[in-house]
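> Sequence below, structure please.
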Amino acid sequence: MKLKSKKVRKNITISKEAERKLKELAKIENKSQSQLIEELIEEVYKEIEKKKKLEALERIVENRKYFKGIDPNITIQKIKEQMGSEL
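Here you go, the predicted model:
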C-alpha cells in the first residue's frame, strides 16, 4: 500500500513542445500532469539507484582478487599485531 505524502507546489519552466507532449500524455494516460512528472522522476531515480548499486557490485567483483585468501574472521587488533611484527 502506497502512503500519500504531502504535496508541495513547484513552478517549472518547460518548452512549448514539452508542454504539448505532457498534456497529450496526461490525456492518453488519464492522469494529471503532476502525476506523470512524479512517476517519471521515480522511474529515473530508481534507474540511477540501480546503476549505482551495479557499479558498486562491479567494483567489489573487480577488487575481489585483492581480498583472496584473507581470513574473514581476523580482527583489526590481529592485523595491527601482524603489521608490528613485520616492521
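> quick one, longest helix in this protein?
Longest helix of the chain, by residue count under DSSP state H: helix 33-67.
> That helix packs against which elements?
helix 16-29 (3 or more Cβ pairs under 8 Å, 6 or more residues apart in numbering; DSSP states H and E). To be clear about C-beta, it is placed using only N, CA and C from the backbone, and glycine gets the same treatment.
> Can you give the contact residues for the helix it packs on?
Contacts of helix 16-29 with the rest of the structure, by Cβ atoms under 8 Å, 6 or more residues apart in numbering, involve 14, 32-33, 35-37.
> Run the chain-centre distance for it.
Chain-centre distance of helix 16-29: 27 Å, with Cα atoms, centre = their mean, to the nearest Å.
> With just CA atoms, put it into CSV.
Coordinates of the C-alpha atoms in helix 16-29 are reproduced here as CSV (Å, rounded to 0.1, in the frame of the first residue of the first chain):
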residue,chain,number,x,y,z
LYS,A,16,6.1,24.6,-25.6
GLU,A,17,6.8,21.3,-27.3
ALA,A,18,7.3,19.6,-23.9
GLU,A,19,4.1,21.2,-22.6
ARG,A,20,2.2,19.9,-25.6
LYS,A,21,3.6,16.3,-25.1
LEU,A,22,2.9,16.4,-21.4
LYS,A,23,-0.7,17.5,-22.0
GLU,A,24,-1.1,14.7,-24.6
LEU,A,25,0.4,12.1,-22.4
ALA,A,26,-1.8,13.1,-19.5
LYS,A,27,-4.9,12.8,-21.7
ILE,A,28,-3.8,9.4,-23.1
GLU,A,29,-2.8,8.0,-19.6
